[in-house]
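Generate a structure from the sequence data that follows.
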Amino acid sequence: MGEIKSKLWLVESKEWVSEFFISQNGQYFIFDDDGNFLPSPFKEEIKIVQYTGLKDKNDKEIYEGDIIKLYNYSVGFKCPECGFKKIKDLIGEIVWINLIVGDEYNRPTAEFKIRHGFKYTSLEWIDDIEIIGNIYENPELLEVK
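Presented below is the predicted three-dimensional model:
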């Protein structure tokens, strides 16, 4: 995982905030466009999402809670008789799975995966991933049709 970044979802206001500070006692403070603190601390419920360090095929940063479409996803195993895999597009949510203690430089690294239904898929196939929404603004995108 590269750059460590987060953003806030303000639940009641239904807006994203990328410039904020969280104090040691858990209070959070939001900056305005000029870099000044807004009247604080905010009392609104928030959700904090973490940047995965990856970008989608349109060069958009992928965050925890994003809803993505994975194009041409191979389902199952190759059929010996027919010689092909079933291919489909997959829609899922980016979720934080665990913290891997120590990469090759002994830095803690977060692991993110794509949750679709009750299954999880690695984010290794990044070339064909596109962000189509997020769980806060577009939860209907995850509904099974």
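
is it true that residue 137 touches residue 14?
Yes - using Cβ atoms under 8 Å, residue 137 is in contact with residue 14, at 7.3 Å. Where C-beta positions appear, they are placed from N, C-alpha and C, glycine not excepted.

For those two, work out which one has more neighbours and name it.
Comparing residue 137 with residue 14 by other Cβ atoms under 10 Å, the one with more neighbours is residue 137, at 14 against 9.

hang on, that one in a strand?
No - secondary structure assignment (DSSP: H, G, I helix; E, B strand; the rest coil) places residue 137 in coil, not in a strand.

so who does residue 131 touch?
Under the criterion of Cβ atoms under 8 Å, 6 or more residues apart in numbering, the neighbours of residue 131 are 56, 58, 60, 62, 66, 67, 68.

what's it sitting at in phi/psi?
Main-chain torsions, residue 131, degrees, to the nearest 10: phi -70, psi 130.

follow-up on the earlier one: could you export the contacts of residue 131 to a markdown table, including columns for distance to residue 132, neighbour count and pLDDT?
Conversion of the contacts of residue 131 to a markdown table gives the following (distance: Cβ to Cβ, whole Å; neighbours: other Cβ atoms under 10 Å; pLDDT from 0 to 100):
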| residue | distance to residue 132 | neighbour count | pLDDT |
| --- | --- | --- | --- |
| 56 | 9 | 18 | 87 |
| 58 | 11 | 8 | 92 |
| 60 | 10 | 12 | 93 |
| 62 | 12 | 21 | 88 |
| 66 | 8 | 25 | 93 |
| 67 | 6 | 21 | 92 |
| 68 | 7 | 25 | 88 |
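
Thanks a lot, see you next time.
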